[in-house]
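Trainee: Starting from these lines, generate the structure:
(chains A, B, C and D)
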There are 2 protein chains.
Amino acid sequence: MNQQTKGNILKLSEATVSCRSCSMYGICTPPNADAGTLALIENAVKKRRVVSRGEHLYRAGDPFTSIYCVRSGSIKTFVNSDDGSEQVTGFHLPGELLGLAGICSQDMPGSAIALETSSICEIPYERIDALAETLPGLKNELIRLLSQKVLHYQTLTMLLSRKSAEERLAALLLSLSTRFKRRGFSPTEFYLSMSRNDIGNYLGLAVETVSRMFTRFDAEGLLTVQRKYIKLHDFERLKQMAGSPRVHLQMAQA
Amino acid sequence: MNQQTKGNILKLSEATVSCRSCSMYGICTPPNADAGTLALIENAVKKRRVVSRGEHLYRAGDPFTSIYCVRSGSIKTFVNSDDGSEQVTGFHLPGELLGLAGICSQDMPGSAIALETSSICEIPYERIDALAETLPGLKNELIRLLSQKVLHYQTLTMLLSRKSAEERLAALLLSLSTRFKRRGFSPTEFYLSMSRNDIGNYLGLAVETVSRMFTRFDAEGLLTVQRKYIKLHDFERLKQMAGSPRVHLQMAQA
DNA sequence: GGCTATAGTTGACTTGCGTCAAGACAATCT
DNA sequence: AGATTGTCTTGACGCAAGTCAACTATAGCC
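Mentor: Numbers count the residues shown, from 1 in each chain, chains lettered A, B, ... in the order given. Here you go, the predicted structure:
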């Protein structure tokens, strides 16, 4: 029995979301679209791209041309600070968007690297205007998605400024779980495609602290951890730890 | 010689930005607007509102109806967590937008309170669609502004997850300075409209720590502080402290 | 298979910042 | 003026999490 057949507990690289559960669904496949419109979108908007583990999807400073959506696999985005260190700004799972922050500037403000072999939909931004003429709801949808991002980062900000290491890790695990569930994967059992290093970087913690927290959570029976493999046992206690339930909801769309 | 006449070193409540230096400029007064269009906008979009110190502009849970722009004064936005505590998500100065995170949900996800008597432009969101028909660039402008917000919060996230108390305060002061300058106020001398408590809350620091940092900065000759009054002396060292110069830029639009 | 490089874990030690507590200064009210 | 209340500052102390360092497990490679 391989991963694929073992229900929906599998590595993201082996999973592909259907367009139905994609953030871009309202954009790519608007409800009132006729065959002609769908063909238009098919040709104008969708462009597949495969990036393998460690490869860049885009780099900071690249001219902004497109926004991206993860079909399968997972992507980390990060910005570089002057001293050469990088700060992870997000993990992007199947069905989620990235590259939106580039809209406001000519260049991409950060970089994106595949955490594993991933399939990506690329939407050239210059075509948005043309497309919007036939699809009046498109820009509203984009605005809504951007607003959601704003909310997400506000939440993350809150998480990072107030919470302890324990709370941060609990919140991340719940966020991942919620997002897996939304796209039809198991919310209790999954593989982390990112390293402890990435997690620590994202949460503002040292690697060692992340490691210690995993060990503690496991010892306390909250979850089972074997390297990248995670199985969540006690949602209730994790939620308590992470704090406000509103926070989880908002974390859901990373 | 009162505050008003003392150049442009004054309290925000006494200052009003012209529409020219407002974030909404591209929206409120599009470049190619004829008299008829301007009249349309004047009637449909602009609605003034004055909120006095401590008063709510909106509350978390209120139905989302409008986005707002500060004309004069200053506003703090915050979200409530389950335990009743609040987390400051931003300080909004003349010319800056707020309420954008509400677009994605039906209700306002957070609250906004005036830090001093403030004049606010209110733009009913339902009219955006109608208005966009006569002003094709409007939605693109809104999208751009939202993208800028995303970038800002990514930066803030980075600030909070990695930086020390010293770096955080330096970054905030530089951010305020940049934003004052952009709107035509003095970048070196200003009054803080927010309390130490708000600052600490925003930066994820205890009030005492904020206070100690101000004292230390003053002792080191970086600035002069007398309660709310701040005079910056050494930009260079402040920038060094705050870290990446890119961060300041991005902090500029809060 | 064994060798090397990388990622993850664990322990010992240090430190920045939060917490608690007391006091100083401003603003407002009577 | 003096009393009251809220904001800000300063000091003493403890702890959560960072740093340094050694060790272990895993993955990738010849």
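Trainee: Please make it C-alpha for all contacts and neighbour counts, starting now.
Mentor: OK.
Trainee: ok, then the element right after the host helix or strand of A:N201?
Mentor: A:N201 is part of helix A:196-203, with elements assigned from DSSP states H and E. Toward the C-terminus, helix A:196-203 is succeeded by helix A:207-219 as the next helix or strand (DSSP H and E).
Trainee: what about that following helix and DNA strand C, any contact?
Mentor: Yes. Under the criterion of Cα under 7 Å from any atom of the strand, DNA strand C is reached by helix A:207-219 at A:207-212, A:214-215.
Trainee: What's the local residue count around A:G221?
Mentor: 11 (other Cα atoms under 10 Å in any protein chain shown).
Trainee: quick revisit: and the helix holding A:N201, what other elements does it pack with?
Mentor: When contacts are defined as 3 or more Cα pairs under 8 Å, 6 or more residues apart in numbering or on different chains; DSSP states H and E, helix A:196-203 packs onto strand A:86-92, helix A:207-219.
Trainee: got the residues of the stretch 1-150 of chain A near chain B?
Mentor: Within the stretch 1-150 of chain A, the residues that sit near chain B (Cα under 8 Å from any Cα of the partner chain) are A:81-83, A:87, A:89, A:100-104, A:109, A:139, A:142-150.
Trainee: returning to what we had before: any of the residues of helix A:207-219 next to DNA strand C buried? List them.
Mentor: Among the residues of helix A:207-219 next to DNA strand C, those scoring as buried are A:207, A:210, A:214 (criterion: 16 or more other Cα atoms under 10 Å in any protein chain shown).
Trainee: now, which of those sits nearest chain B?
Mentor: When those are compared for distance to chain B (Cα to the nearest Cα), A:V207 wins out at 13.1 Å.
Trainee: show me what contacts that closest one?
Mentor: Residues counted as contacts of A:V207 (Cα atoms under 8 Å, 6 or more residues apart in numbering or on different chains) are A:196-197, A:199-201.
Trainee: one more time with 6 Å, if that's ok
Mentor: Contact analysis of A:V207 by Cα atoms under 6 Å, 6 or more residues apart in numbering or on different chains lists A:196-197, A:200.
Trainee: same question, A:Y58
Mentor: A:111-112.
Trainee: Quickly list what it is bridged to.
Mentor: A:A112 (DSSP bridges).
Trainee: Give me the pLDDT for it.
Mentor: pLDDT for A:Y58: 94.
Trainee: same question, the one 10 residues further on
Mentor: The pLDDT attached to A:Y68 in the predicted structure is 90.
Trainee: go on, A:S164?
Mentor: 91.
Trainee: what about it, how many residues close to it?
Mentor: 14.
Trainee: Just the strands from the stretch 101-250 of chain A, written as ranges.
Mentor: Using DSSP state E, counting those that start in this stretch, the strands of the stretch 101-250 of chain A run over A:111-114, A:118-124, A:189-191, A:223-226, A:229-232.
Trainee: Which neighbouring elements make contact with the third one?
Mentor: Contacts defined by 3 or more Cα pairs under 6 Å, 6 or more residues apart in numbering or on different chains; DSSP states H and E place strand A:189-191 against strand A:229-232.
Trainee: next one: the last one
Mentor: If you count contacts as 3+ Cα pairs under 6 Å, 6+ apart, strand A:229-232 packs onto strand A:189-191, strand A:223-226.
Trainee: ok, back up a step: which stretch in the helices and strands packed on helix A:196-203 has the least confidence?
Mentor: When I compare these, strand A:86-92 is least confident, with a mean of 90.
Trainee: is that strand up against DNA strand D anywhere?
Mentor: No. Under the criterion of Cα under 7 Å from any atom of the strand, DNA strand D is not reached by strand A:86-92; the shortest gap measures 13.4 Å.
Trainee: what lines up beside the very next helix or strand once past that strand in the sheet?
Mentor: As assigned by DSSP H and E, the chain's next helix or strand after strand A:86-92 is strand A:97-98. Strand pairing for strand A:97-98, determined by DSSP bridges: strand A:66-72 (antiparallel).
Trainee: Just the buried positions in the partner strand, please.
Mentor: A:66-72.
Trainee: then that strand to CSV, C-alphas only?
Mentor: C-alpha atoms of strand A:66-72 as CSV (Å, rounded to 0.1, in the frame of the first residue of the first chain):
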residue,chain,number,x,y,z
SER,A,66,2.3,37.2,-12.8
ILE,A,67,0.5,35.9,-9.7
TYR,A,68,0.8,32.2,-8.9
CYS,A,69,-1.3,29.5,-7.5
VAL,A,70,-0.1,26.2,-6.1
ARG,A,71,-1.7,23.2,-7.8
SER,A,72,0.4,20.5,-6.0
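Trainee: Could you look up the next helix or strand downstream of that strand?
Mentor: strand A:75-80.
Trainee: What residues does chain A have near DNA strand D?
Mentor: Checking chain A against DNA strand D by Cα under 7 Å from any atom of the strand, the hits are A:163-166, A:204-209, A:227.
Trainee: Tell me the one of the residues you listed nearest chain B?
Mentor: Closest approach between those and chain B, by Cα to the nearest Cα: A:G204, at 4.2 Å.
Trainee: Where does pLDDT dip in chain A?
Mentor: Where chain A drops to pLDDT under 70, the residues are A:1-46, A:82-84, A:244-254.
Trainee: re the thing from before, taking their axis directions, the helix holding A:N201 and helix A:207-219 sit at what angle?
Mentor: 100 degrees (axes from the mean of the first three to the mean of the last three Cα atoms, to 10 degrees).
Trainee: Could you point out which of the helices and strands packed on helix A:196-203 sits nearest B:L176?
Mentor: strand A:86-92 (23.2 Å; Cα to Cα).
Trainee: closest point of the stretch 51-200 of chain A to DNA strand D, which residue?
Mentor: A:S164 (3.1 Å; Cα to the nearest atom of the strand).
Trainee: The stretch 151-254 of chain A against chain B: which residues are in contact?
Mentor: Within reach of chain B by Cα under 6 Å from any Cα of the partner chain, the stretch 151-254 of chain A has these residues: A:151, A:153, A:157, A:160-162, A:204, A:244.
Trainee: And for A:Y229, nearest residue in space, chain neighbours not counted?
Mentor: What sits nearest to A:Y229 in space, not counting adjacent residues and going by Cα to Cα, 6 or more residues apart in numbering or on different chains, is A:Y191, at 4.5 Å.
Trainee: ok, that neighbour to DNA strand C distance?
Mentor: 11 Å (Cα to the nearest atom of the strand, to the nearest Å).
Trainee: one step back: can I get the contacts of A:V207 in JSON lines including distance to A:P124?
Mentor: Compiled in JSON lines, the contacts of A:V207 are given as follows (distance: Cα to Cα, whole Å):
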{"residue": "A:R196", "distance to A:P124": "33"}
{"residue": "A:N197", "distance to A:P124": "32"}
{"residue": "A:G200", "distance to A:P124": "33"}
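Trainee: coming back round to it: what number of residues lie near the residue nearest to A:Y229?
Mentor: Neighbours of A:Y191 using other Cα under 10 Å come to 16.
Trainee: Was I right to think it contacts A:K228?
Mentor: Yes. Under the contact definition of Cα atoms under 6 Å, A:Y191 touches A:K228, with a separation of 5.2 Å.
Trainee: Select, out of the helices and strands packed on helix A:196-203, the one closest to B:C121.
Mentor: Minimum separation from B:C121 across the helices and strands packed on helix A:196-203 (Cα to Cα) falls at strand A:86-92, 32.4 Å.
Trainee: ok, that closest one near DNA strand C or not?
Mentor: No. Using Cα under 7 Å from any atom of the strand, strand A:86-92 stays clear of DNA strand C, coming no nearer than 14.2 Å.
Trainee: With just CA atoms, put that strand into CSV.
Mentor: C-alpha atoms of strand A:86-92 as CSV (Å, rounded to 0.1, in the frame of the first residue of the first chain):
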residue,chain,number,x,y,z
GLU,A,86,16.2,35.5,5.0
GLN,A,87,12.8,35.7,6.6
VAL,A,88,10.2,33.2,5.7
THR,A,89,6.9,35.0,5.0
GLY,A,90,4.7,32.1,4.3
PHE,A,91,4.1,28.5,3.3
HIS,A,92,1.8,28.0,0.4
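Trainee: Done for today, thanks.
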